[in-house]
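Q: Requesting a structural model of the entry that follows:
(one chain, ligands or ions: 1)
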Amino acid sequence: MPKRKSRPQKRRRRSIIAFEMIRLDRTATEPLHEQLYRQIRDELKSGKFSEGSSRLPSSRVLAIERGVSRSTVRLALSKLHAEGYVCSKPGSGTFVANLLPESFLTADQPRTYQPIQRPARISDRARAIPDKRAGNQFDLGATGAGPGVSLVASIPAVDEFPIAVWERLRAQVLAKKGVNLLRYSSNRGDVDLRKALAAYLCDFRAARCHPDQIVIVAGMQQAMLISAMAVLNPGETTWIEDPCYQQTRRVLSLAGVKIVPKAIDTQGIVIARSPKEPLPRMIYVTPSHQFPLGVTMSFQRRTDLLEFARAHSAYIFEDDYDAEFRFVGPPLPSLQGIDNANRVIYAGTVSKILCPSLRLGYIVAPEQLVDSFVKIRSAMDQHSSPIDQATMARFITEGFFLSHIKRMRKIYAERRDFFIKQFNELLGDRFTLQVPEAGLNIVAWLKREEDFEMVKNITSEIGVRPSGLSFFCIQAKLKPAFVFGFAAWTPTQIRESLVKLASALRNHGKNSNYGRQSR
Ligand SMILES: Cc1ncc(COP(=O)(O)O)c(C=O)c1O
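A: Coordinates of the predicted model:
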């Protein structure tokens with residue numbers, strides 16, 4: 001038998017013209033074919049369908065759908081054809097013309113009006129968010145890390161994410177739970193996921209909690225927003241670390257609370273306050289690994305902070321964003337695990353452990369707060385994707401979560417050691433590295449403070465993009481430094497980026513007599 005010729009383009013394309021909207025009035029004096037012609041023409045003239053590939057339904061289908069005879073449809077189409085609105089392709093059907101008549105006939109052109117430029121009315125709430133970005137600067141997310149840019153802080157190695165395993169588990173949960181995963185689901189979060197997380201947090205973060213204290217959220221930012229909205233009234237005071245994770249300031253501004261920055265010393269957040277300072281209702285901290293300075297909060301500071309919170313009925317928001325990646329010494333227990341007064345709201349995220357695009361995180365709330373948190377989540381966006389939550393639950397219970405953390409800890413430890421060695425060799429004359437015990441970032445202090453602007457410009461020109469430490473400061477006046485990320489790049493890429501940076505700085509030095517000045 002002769003083989004059938006394959007015709008891949010022959011796939012039926014759905015018409016993008018809204019024929020359902022055509023209304024034919026049988027009582028009108030205007031003939032039906034004229035009404036049909038006019039309404040299709042007006043739809044085409046609206047300018048939305050100038051794409052030549054838009055196919056019209058066949059005259060048979062149109063006739064059935066509109067309840068008219070085929071000859072009525074043919075009359076309307078032949079008029080559209082004669083006027084150049086549609087064209088026929090033998091064997092394929094009728095298509096919107098590539099150049100519609102209105103595009104080249106000026107007689108019928110509508111008058112163009114100059115739009116009146118008035119500033120849009122923006123709420124005080126939107127204005128108050130400390131974010132200077134505009135337009136497509138938002139498209140790269142909070143880190144601004146575009147493709148081809150390296151050593152950006154806070155980026156995990158997402159290319160190590162076990163996509164195949166995830167996809168297999170996802171298919172399994174879909175096969176097992178089917179349409180149940182397509183419905184609206186629990187505002188608290190998937191029960192299996194909450195159980196799996198409670199077990200993980202008790203075993204590996206020394207938390208003390210049960211699954212009913214866990215609320216699944218869309219990442220750390222949402223955890224902060226829900227917590228702030230649940231325990232703070234607008235205008236009430238929150239302490240935050242200074243310097244701080246930039247999204248914390250933005251989220252807390254959105255919640256309308258008063259932000260009071262607190263300095264960081266070698267033990268963590270400084271609790272001392274002047275008598276005039278209002279007492280905080282909430283205190284945001286990153287005890288495992290302060291962002292961005294990398295300080296691990298000392299045991300003494302942890303107990304002092306818990307005692308302060310207990311004495312003043314404040315809540316502590318513990319952002320445990322990257323505690324899994326600790327490279328020196330034994331793992332430290334979470335603050336939540338040593339809190340005996342129900343003052344700690346603990347929150348974690350899968351953004352660093354797995355990948356940020358999942359937008360999955362978890363709150364461990366003091367029991368008496370759980371309902372308020374769930375109520376807010378319900379009013380906000382109901383819940384995170386049930387399919388992702390169920391997949392994540394399987395990912396944890398089948399042991400992939402722990403093995404991934406273990407594997408990533410090893411990869412990151414190697415990259416970290418490599419980064420430190422190469423950095424000191426290539427850039428040790430310009431910077432002093434402050435190596436933290438944990439985390440995916442390292443702060444490099446400039447030896448010559450006046451180099452800051454020059455280094456900032458060069459790094460942004462060459463696409464090696466650490467963040468200036470001052471970017472994270474509110475009131476803190478720290479010496480100039482840059483926060484480098486090392487986790488998302490292979491040793492080869494790390495070396496290439498550092499060589500590029502060192503040579504760009506050297507060339508700049510030669511051109512501006514840096515060497516002579518510094519002698
Ligand atoms: C201190 C801190 N918390 C949390 C996160 C992650 O938050 P999310 O879960 O919203 O991605 C980051 C990311 O860099 C961070 O630096």
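Q: looking at this, residue 212 is in a helix?
A: Yes - Residue 212: assigned to a helix according to DSSP: H, G, I helix; E, B strand; the rest coil.
Q: Spit out the contact partners of residue 320.
A: By C-beta atoms under 8 Å, 6 or more residues apart in numbering, the residues touching residue 320 are 205, 286, 287, 288, 334, 346, 347, 348. Bear in mind the C-beta positions are built from the backbone N, C-alpha and C, glycine included.
Q: closest to residue 196 among these?
A: Residue 196 lies nearest to residue 348 out of the contacts of residue 320, by C-beta to C-beta, at 12.7 Å.
Q: what's the spacing between the spatially closest residue to residue 243 that is not a sequence neighbour and the ligand?
A: Spatial nearest neighbour of residue 243, excluding adjacent residues (C-beta to C-beta, 6 or more residues apart in numbering): residue 472 at 3.7 Å. In this view, residue 472 and the ligand are 9 Å apart by C-beta to the nearest ligand atom, to the nearest Å.
Q: before we move on, back to that, apply the buried test to the contacts of residue 320 and list what passes.
A: 205, 286, 287, 288, 334, 346, 347, 348 (16 or more other C-beta atoms under 10 Å).
Q: State the helix or strand in which the last one lies.
A: The one in question is residue 348. Using DSSP states H and E, residue 348 sits in strand 344-349.
Q: What helices and strands are in contact with that strand?
A: If you count contacts as 3 or more C-beta pairs under 8 Å, 6 or more residues apart in numbering; DSSP states H and E, strand 344-349 packs onto helix 191-204, helix 220-231, strand 315-319, strand 361-364.
Q: got the ones you listed as CSV, with mean pLDDT columns?
A: Listed next are the helices and strands packed on strand 344-349 as CSV, based on pLDDT from 0 to 100:
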stretch, mean pLDDT
helix 191-204, 98
helix 220-231, 98
strand 315-319, 98
strand 361-364, 98
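Q: For the ligand, which of those is the nearest?
A: helix 220-231 (3.3 Å; C-beta to the nearest ligand atom).
Q: and the next element down the chain from that closest one?
A: strand 237-242.
Q: one step back: now, which of the buried ones among the contacts of residue 320 sits nearest the ligand?
A: Closest approach between these and the ligand, by C-beta to the nearest ligand atom: residue 286, at 5.0 Å.
Q: Do you have the helices of the stretch 401-519 of the chain handy? List them.
A: Counting by DSSP state H, counting those that start in this stretch, the stretch 401-519 of the chain has helices at residues 452-462, 491-511, 514-518.
Q: Report the angle between the second one and helix 452-462.
A: Right, helix 491-511. Using axes from the mean of the first three to the mean of the last three C-alpha atoms, to 10 degrees, the inter-axis angle of helix 491-511 relative to helix 452-462 is 130 degrees.
Q: Low-confidence stretches in the chain?
A: Residue ranges of the chain with pLDDT under 70: 1-18, 47-53, 102-113, 115, 513-519.
Q: Now residue 155. Its backbone dihedrals?
A: The phi/psi pair for residue 155 (degrees, to the nearest 10) reads phi -100, psi 120.
Q: Tabulate the helices of the stretch 401-519 of the chain (CSV), appending mean neighbour count and distance to the ligand.
A: Formatted as CSV, the helices of the stretch 401-519 of the chain follow (neighbours: other C-beta atoms under 10 Å; distance: least, C-beta to the nearest ligand atom, whole Å):
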stretch, mean neighbour count, distance to the ligand
helix 452-462, 16, 19
helix 491-511, 16, 19
helix 514-518, 12, 33
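Q: Show me what from the stretch 301-450 of the chain comes close to the ligand.
A: Contacts of the stretch 301-450 of the chain with the ligand, taken as C-beta under 6 Å from any ligand atom, map to 319, 321, 349, 351, 356, 361.
Q: Looking at neighbours, which among these is most surrounded?
A: Using other C-beta atoms under 10 Å as the neighbour criterion, residue 319 leads those with 27 neighbours.
Q: Make sure residue 419 is actually in contact with residue 485.
A: No - counting by C-beta atoms under 8 Å, residue 485 is not a contact partner of residue 419; they are 9.3 Å apart.
Q: Name the residues that touch the strand ranked longest in the chain?
A: Secondary structure assigned by DSSP state E gives strand 258-265 as the longest strand of the chain. The contact list for strand 258-265, computed with C-beta under 8 Å, 6+ apart, reads 235-244, 249, 252-253, 269-271, 277-278, 280, 290, 293, 295, 474-476.
Q: Report the buried members of these.
A: Among the contacts of strand 258-265, those buried by neighbour count (16+ other C-beta under 10 Å) are 236-244, 249, 252-253, 269, 271, 280, 290, 293, 295, 474, 476.
Q: Please enumerate the strands of the protein.
A: Under DSSP E, the chain gives strands at 86-89, 93-96, 214-217, 237-242, 258-265, 268-269, 282-285, 315-319, 344-349, 361-364, 431-434, 441-446, 467-468, 481-485.
Q: got the contact list for residue 341?
A: For residue 341, the contact set (C-beta under 8 Å, 6+ apart) comprises 306, 309, 310.
Q: mind redoing it with 10 Å?
A: Shown in contact with residue 341 (C-beta atoms under 10 Å, 6 or more residues apart in numbering): 306, 307, 309, 310, 311, 313, 366.
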